[in-house]
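*Asks:* I'll drop the sequence and a predicted model, then ask my questions.
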Amino acid sequence: MHFTKPAWVIHKDSAKNDTNAKRLSIFSVHVHPDGSRIATGGLDAKIRIWSTKPILNPASELSNKPPKSLCTLTMHTGPVLVVRWAHSGRWLASGSDDEIVMIWDLDPNARGKVWGTDEVNVEGWKPLKRLPGHESDVTDVAWSPGDRYLASVGLDSQVLVWCGFTLERLRKLDQHQGFVKGVCWDPVGEFLATQSDDRSVKIWRTTDWSLEAEVTKPFEDSPGSTFFRRLSWSPDGAHITASNATNNKGFVFIAAVITRNTWTSDISLVGHENTVEVAAYNPHIFLRNMNAPVATSNICSVVALGADDRSVSVWQTKSARPLIVAKEVFERQIMDLSWSWDGLTLYAASSDGTLAVFNFDPDELEGIAPHSVQEQYLTKFGFNPPPVPEGYSHVSTKESSQITPPPSPSTQKQSLSTGFTQANGGGERINMLVAKRGNKKRANLTAVPSAGTTSASVNGIAGPSGSTAPTSKRAQLMQIMPSSTFPLPSEQPFDAPDSWSRHADVSMDLDVPIDSLDTSVSPMHTRGKRKASAVIDLTDEGKPNKARTLGGDRVREHVSVKEIGVVDGGTRVAWGGQVGPSLPVAALLTSLTAEIEGSDDLFEGRNSEGDAPTEVMYVSGKQTQWLDYLPCPALAIKATSYFCAVAMLDGSLNVYSHTGRRFMPTLTLGAPCSYMEVNKHALMVINSTGQLYSWNIKKQESFFLPISVSPLLSSLNHTITSTAVRPNGAPIINCSNGVAYSYDPALLTWVKLSERWWAEGSDAWHGRQRHSGNQAANRGIMSAVEGSVGGTPDEALSDKQRPTWWNTALTLGHLETRLSATRLLDSPQEYKQALLVYAKKIADEGFRAKAEELIKELFGPVYFRPGREDTWSPSVIGLPKRDLLKDVLSIFARSKTLTKLAMDWQDTLKKSSNDD
């Protein structure tokens, strides 16, 4: 285990200069699901986002690449007591002393200097929506599995449940009789648990929000002096570990382990010398015996505890003693704990203003199982979560997610007085905020614009220092594939603007200049007086003059979606002497909509039931920004943060910029569109005769020549079940035969990315029975592809007699296929991961010939110098091959049979590096 305390992770008193800056308490820490960044909340009323690479990698820390501090968020007006990333990684929720829960979203246009300070935001985050409702400090928030719900608790003794998609208030639970200081969700999604100073843990049913159980015994003598009572639910759903419990009439401080269904607490974690403040389970389940099947008796968990005795302990439930105890890690009590998604790093925050990081080796956490094992295990509970609201999603596939506009201050007052008696909080009456000076301070505190609006609040108070993050006019967020995560800090625009992603899925438009003092942007939140000319009236009567746009004077009209007719896909066409497929075509609808990712802007198509012309329009709020008329009905429309596309019934295709300019001439495909997918600058279309096209819209050129999908549909029973496209133009076609395909332009043929066959014997297979878009967002594209083919080990085949080398052969074949697939799909992180797993398998088996061939492939010619050798490339999808070789050789060096080979090549590699 490696332990570190990065001194540069600090919340400081902005009233003092940097040399005399006093550390302020850090109340909360949480790791982004992709592990690339952490968020902290502190006494300075700010949220700070930090890179994790400089924390875990000393070389990165010294080089300051990536930058240590990524962003400072300053919209709260009181100390930030809790920060929590959504499971999808797309949103960040925060709770504060100012009684507000805030939802934050990535904003590529908000980077730059933090107004009023010397700090610079490497990346921008905007307040997406304020969630008012609590009447006192918000102490804890938690996202439910799949981000279906968000729960918040506070010192008003209330538990508020919000929709995790629309962000509307759904329910108020007010049966606690004391401050509520902790909340967590059952990983199955069936229950919600809260812990309060009324010395109880209450379990609520999510089906009707009624009280399932109340646990009081372990807390009868617990002190009420703790700042938090953060509790955690085990990843197998079997236990809750609750903080601030006691034995022996309050003389022994423990964490109480509550068992599911019986809701009894017969297990105690004893050892801390003061009250336990926080419990946090490792997100992975652990197997007592890795060779035994996954069953309740074979499962255990790892939980970390932080206490007021300034120590952190880590326990594995199969053992009566802790794995580690780190004593006096801090000078004051521990406030929060957070595990990374891979389960190997634990972050701890303290009120002394410091952060501690425990980085474990996989061998130290024995029996760790992949997340797919947990997902499969949880299906045994048989719980079906409620459906997602129609048209909403945290992951952009065919349509982007939608965000409800924030309430105005007058709406806030009204909702508070109603007491949330209706099931959905009575809905929200949305008023337009008029940003003028008023007499009542409360009404003018902070108004957060919803994503994509051009409004900004005036007279907003940003915090003790009076600083606030600039808000952009419109945030054009990036297209996010089902498998995407946010970009790694190491891939920030300081180094590699074109590689902005953990899995090459997310990008920012770096052509937009950053100027935090640009007077053309709506006014930022400031404290004190301002000139009358700086006050903007955003009502229709006082709307500032805007430049003319095509159709800009027309108010958007809502059109009900109705089916006009069914489209004939056309006759089969011969390609190369063979009869091509006839793919289905979507029905003609009166209205088609695609939302611009991360904003309220819409790209819409309208087909008339009569003789009126078909039209497409770009809409912001209720106002049309531009429109265009089409010669025939629109079949499908798509939009990214870079372009909009519409496919028409006659097989034509138009591509527009966000200002309405046509990027390219009208494209003629010869048949109606059956599938259309977009991703960043990539546009892919498959027409009804099976011809696939893929274009780079930015360069206005094709990624490769049109190709038929007919080889994928060799059987009449095979159909296309889903499609996607990568930013590099590579198509992903899932077929009903359980195979995912892509087209390789270098080989001029279709290739298999993955198939169910590997599930029958590969040790590296992580396929799942079902694939969830929200969960896939935390993984790479290759993991999403393998999850989508739906293959899991068949229990009926587990007892089938197999050849001796069956598992080894399938594992190696599967990993070699994965290496090719990740290279084709341009997913460098997954390529490296697959390479290291492949190297470990070779080392475990002792296959010297395979090892030597892999080494030579990565090392290349001994005499290689850049520019001298054209037949060997020194990198693969942006990763230096010899850097990869260092990692591979370190794996081979630990093998019993490959140690000598690895050491010889390590010497050769070292000499080569010295020569360079």
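*Replies:* It's in. What you are looking at is a predicted structure, and each value in this text was computed from that prediction instead of being measured. Residues are numbered from 1 along each chain as shown.

*Asks:* show me where the chain has helices.
*Replies:* Assigned by DSSP state H, the helices in the chain fall at 53-56, 58-63, 371-378, 409-418, 773-776, 781-788, 806-824, 828-845, 848-859, 881-892, 899-915.

*Asks:* Return the most buried member of the ones you listed.
*Replies:* helix 781-788 (a mean of 26; mean count of other C-beta atoms under 10 Å). Yep, even glycine has a C-beta here, placed from its N, CA and C like the rest.

*Asks:* Show me what that one is packed against.
*Replies:* If you count contacts as 3 or more C-beta pairs under 8 Å, 6 or more residues apart in numbering; DSSP states H and E, helix 781-788 packs onto strand 731-735, strand 739-744, strand 749-755, helix 773-776, helix 806-824, helix 828-845.

*Asks:* could you give the mean pLDDT of that helix?
*Replies:* Averaging pLDDT along helix 781-788 yields 88.

*Asks:* do the same with stretch 254-267
*Replies:* 90.

*Asks:* cool, stretch 389-408 as well?
*Replies:* Mean pLDDT, stretch 389-408: 49.

*Asks:* mind showing which ranges of the protein have poor pLDDT?
*Replies:* Counting by pLDDT under 70, the chain shows low-confidence ranges at 14-20, 112-118, 394-549, 552-558, 566-580, 716, 767-779, 790-799, 863-870, 916.

*Asks:* rerun that using 50 as the cut-off
*Replies:* 396-544, 570-579, 767-778 (pLDDT under 50).

*Asks:* closest to A93 out of the helices and strands packed on helix 781-788?
*Replies:* helix 773-776 (14.9 Å; C-beta to C-beta).

*Asks:* Of all the helices and strands packed on helix 781-788, which one is nearest W339?
*Replies:* helix 773-776 (16.6 Å).

*Asks:* Nearest residue to G846 in space, please, no chain neighbours.
*Replies:* Leaving aside its sequence neighbours, G846 sits nearest to T897 (C-beta to C-beta, 6 or more residues apart in numbering; 3.7 Å).

*Asks:* who's in contact with F381?
*Replies:* 188, 190, 237 (C-beta atoms under 8 Å, 6 or more residues apart in numbering).

*Asks:* So the last one versus I299, what's the distance?
*Replies:* When you say that, I think you mean G237. 10 Å (C-beta to C-beta, to the nearest Å).

*Asks:* Equivalent analysis for the first one, please.
*Replies:* Taking C-beta to C-beta as the measure, V188 falls 14 Å from I299.

*Asks:* higher neighbour count, these two?
*Replies:* Neighbours were counted for V188 and for I299 using other C-beta atoms under 10 Å; I299 has more, 22 against 19.

*Asks:* Give me the neighbour count for the nearest residue to D198 once chain neighbours are set aside.
*Replies:* Of all residues not flanking D198 in the chain, G178 sits nearest, at 3.5 Å (C-beta to C-beta, 6+ apart). When neighbours are counted by other C-beta under 10 Å, G178 registers 14.

*Asks:* Pretty sure T194 is one of the things G178 touches, is it not?
*Replies:* No: shown here, G178 and T194 do not form a contact pair, counting by C-beta atoms under 8 Å, at 11.1 Å.

*Asks:* Which residues lie in contact with the residue nearest to D266 when sequence neighbours are not counted in this structure?
*Replies:* Leaving aside its chain neighbours, D266 sits nearest to T259 (7.1 Å; criterion: C-beta to C-beta, 6+ apart). T259 is in contact with 238-239, 265-267, counting by C-beta under 8 Å, 6+ apart.

*Asks:* The residues you listed in strands, which ones?
*Replies:* 239, 267 (DSSP state E).

*Asks:* Just the buried ones from the contacts of T259?
*Replies:* Those of those that meet the buried threshold are 238-239, 265, 267, by 16 or more other C-beta atoms under 10 Å.

*Asks:* follow-up on the earlier one: tabulate the contacts of T259 in JSON lines, adding columns for distance to N121.
*Replies:* Shown next, in JSON lines, are the contacts of T259 (distance: C-beta to C-beta, whole Å):
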{"residue": "A238", "distance to N121": "42"}
{"residue": "H239", "distance to N121": "40"}
{"residue": "S265", "distance to N121": "45"}
{"residue": "D266", "distance to N121": "50"}
{"residue": "I267", "distance to N121": "45"}
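
*Asks:* from the buried ones among the contacts of T259, which two are the most distant?
*Replies:* A238 and S265 (13.2 Å).

*Asks:* Now do L748 against I707, distance only.
*Replies:* Counting by C-beta to C-beta, the gap from L748 to I707 is 9 Å.

*Asks:* okay, the two: which has more neighbours?
*Replies:* I707 (20 against 10).

*Asks:* Does the more buried one touch N687 like I think?
*Replies:* No: counting by C-beta under 8 Å, no contact exists between I707 and N687, whose distance comes to 11.9 Å.

*Asks:* Look at the spatially closest residue to L667 that is not a sequence neighbour and say how many residues are nearby.
*Replies:* With C-beta to C-beta, 6+ apart as the criterion, L667 has its nearest non-adjacent residue at 4.2 Å, and that residue is L653. Counted with other C-beta under 10 Å, the neighbours of L653 add up to 23.

*Asks:* Check the one 3 residues further on too.
*Replies:* When counting by other C-beta under 10 Å, one arrives at 20 neighbours for Y656.

*Asks:* which one is it nearest to, not counting chain neighbours?
*Replies:* Closest to Y656 by C-beta to C-beta, 6+ apart is C644, at 4.7 Å.

*Asks:* which ones are touching that neighbour?
*Replies:* Counted by C-beta under 8 Å, 6+ apart, C644 has contacts 594, 603, 616, 618, 637-638, 655-658.

*Asks:* Just the ones of those residues in strands?
*Replies:* Within these, residues falling in strands by DSSP E are 594, 603, 616, 618, 637-638, 655-656.

*Asks:* Can you verify my assumption that Q691 contacts P706?
*Replies:* Yes: counting by C-beta under 8 Å, Q691 touches P706, with 5.2 Å between them.

*Asks:* So for these two, which sits in the more crowded spot?
*Replies:* Each of Q691 and P706 has its neighbours counted (other C-beta under 10 Å); Q691 has more, 23 against 14.

*Asks:* Name the surrounding residues that touch stretch 698-709.
*Replies:* 575-576, 580-581, 583, 642, 663-664, 681-682, 686, 690-696, 720, 728-730, 733, 743, 745, 750.

*Asks:* Now go through those and say which are in strands.
*Replies:* Those of the contacts of stretch 698-709 lying in strands (DSSP E): 575, 682, 686, 691-696, 720, 733, 743, 750.

*Asks:* which of those residues has the most neighbours?
*Replies:* If you rank those by neighbour count (other C-beta under 10 Å), I686 sits at the top with 26 neighbours.

*Asks:* Identify the residue nearest it in space, chain neighbours excluded?
*Replies:* Per C-beta to C-beta, 6+ apart, closest to I686 is Y675, 4.3 Å.

*Asks:* you'd agree that neighbour is up against L683?
*Replies:* No: Y675 is beyond contact range of L683, at 11.6 Å (criterion: C-beta under 8 Å).
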